[in-house]
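*Asks:* Quick one: sequence and predicted model below, then my questions.
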Amino acid sequence: MDGGPVIAGSVTSRLSAFWLAWKWVLLLALALAASLYGNYRQHIAAVTAPLRADLDAARDGLVLSGVLQADARAAGDQLRADVAAARATLSTAGRNYRNAVARAPLGVACAPGAERMDAVNTMLGESPERTTSNRRSP
């Protein structure tokens, strides 16, 4: 009965050799699968890169337009405040002018044109820019 253990030993060595060979096949198959998955991920990243760049540019454009809109809103508010202040100043100046003219009307001898404006400015307390001595005679 010496043949029994020899057969068992040869089956065991054959199973051991079979497992050793398939272990490497299994490891190489797993390495191939990991490599294929990495290649797939790189391909997807390469295909979607222009789309992601466009999306980033669109987001940057939205941020910039928001900043510009906020600046425009602030500038508009400042402009409206400046217009209101100018309107109030002009209204007051017009009222003051009308009151001054009503209090002291110019004489009949006051001619129209630059001389009249000099007289009005003098009456309002402003010094005239041009005096009659600076004017050339026609």
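*Replies:* Looks like it came in fine.
*Asks:* Tell me where the model's unsure across the protein.
*Replies:* Filtered on pLDDT under 70, the chain yields the residue ranges 1-9, 104-113, 115-116, 127-138.
*Asks:* Please identify the helix or strand for the spatially most central residue of it.
*Replies:* In the chain, the centroid-proximal residue (C-alpha atoms, centre = their mean) is Leu64; its distance is 1.5 Å. In this assignment (DSSP states H and E), Leu64 forms part of helix 3-103.
*Asks:* Give the other helices and strands that the helix or strand following that helix contacts.
*Replies:* Later in the chain than helix 3-103, the nearest helix or strand by DSSP H and E is helix 114-124. Counting contacts by 3 or more C-beta pairs under 8 Å, 6 or more residues apart in numbering; DSSP states H and E, helix 114-124 is packed against helix 3-103. C-betas here are computed from N, CA, C, even on glycine.
*Asks:* and Val101, how many residues sit next to it?
*Replies:* By other C-beta atoms under 10 Å, 13 other residues sit near Val101.
*Asks:* quick check: angle from the helix holding Leu64 to helix 114-124?
*Replies:* For helix 3-103 against helix 114-124, the angle by axes from the mean of the first three to the mean of the last three C-alpha atoms, to 10 degrees is 100 degrees.
*Asks:* Can you list the helices and strands that helix 3-103 packs against?
*Replies:* Applying 3+ C-beta pairs under 8 Å, 6+ apart, we find helix 3-103 packed against helix 114-124.
*Asks:* What distance do you get for Glu126 to Ala102?
*Replies:* Applying C-beta to C-beta, to the nearest Å, the value for Glu126 to Ala102 is 18 Å.
*Asks:* more neighbours, the two?
*Replies:* Taking neighbours as other C-beta under 10 Å, Glu126 and Ala102 compare with Glu126 leading, 11 against 8.
*Asks:* Return the residues in contact with that one.
*Replies:* Residues near Glu126 by C-beta atoms under 8 Å, 6 or more residues apart in numbering: none.
*Asks:* how about Val67, what does it touch?
*Replies:* Listed by C-beta under 8 Å, 6+ apart, the contact set of Val67 is empty.
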